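Asker: The following comprises the amino acid sequence and a computationally predicted model.
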Amino acid sequence: MSKLSPEEESRLSILIIAELDDWGVSNAQKLSLLALPSGTRTRTIHRYQQGEPLPDNSTTREHVEHILGIAEALRLAYPRNKQGGKLWLNRANKNFAHRTPLAVMIEDGLAGITAVRMRIDCSYDWFIDEQNNKNNTQ
């Protein structure tokens, strides 16, 4: 992500917390999904919900970028059913050893988040596949 203005940082915090709320994610799970620094208390989520910018570190930024990618892919996959994405995230999936995609993201960290994104977002999957092919031919 490019450098954002303070207003954009504030809107991003509100947006990402609202998205995770829509998915039915608890505050403790949000800490994990956003890779917030250890020792961050769950009540801190309320400040982000009100627009305090998320920590400016590469790990949190990477998690946010993937979560936003997943959210957009879910909107595209379920354009007429706002709850469709939430249902998909919370339903056991054979592609994830019968775990829910949300559990995969929480339990497996960044690897789980990218696995879920690759499963739901075919354009991201193609991009990663293309990058891997380029690296294998060099």
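Answerer: Yes, it's here.

Asker: going forward, measure contacts and count neighbours with C-alpha atoms only.
Answerer: Fine.

Asker: Can you find the helix or strand of the protein with the lowest average pLDDT?
Answerer: Between all helices and strands in the chain, the lowest mean by mean pLDDT, DSSP states H and E belongs to helix 122-137, at a mean of 64.

Asker: so the residue positioned nearest the centre of the chain is in which element?
Answerer: Here the mean C-alpha position of the chain is nearest to the C-alpha of residue 67 (CA atoms, centre = their mean), at a distance of 1.8 Å. According to DSSP states H and E, residue 67 maps onto helix 58-77.

Asker: In terms of secondary structure, what does that helix contact?
Answerer: The helices and strands touching helix 58-77, judged by 3 or more CA pairs under 8 Å, 6 or more residues apart in numbering; DSSP states H and E, are helix 6-22, helix 82-89, helix 101-120.

Asker: Please work out which of these is packed deepest.
Answerer: When you average the neighbours per residue for each of the helices and strands packed on helix 58-77 (mean count of other CA atoms under 10 Å), helix 101-120 leads with a mean of 20.

Asker: if we can go back for a sec, might you report the residue contacts of the nearest residue to the residue nearest to the centre of the chain once chain neighbours are set aside?
Answerer: Computed as CA to CA, 6 or more residues apart in numbering, the closest residue to residue 67 that is not its neighbour in sequence is residue 113, at 7.4 Å. By CA atoms under 8 Å, 6 or more residues apart in numbering, the residues touching residue 113 are 63, 66, 67, 104, 105, 106.

Asker: Before we move on, what's the pLDDT of residue 113?
Answerer: Confidence per residue is given as pLDDT, and for residue 113 that number is 97.
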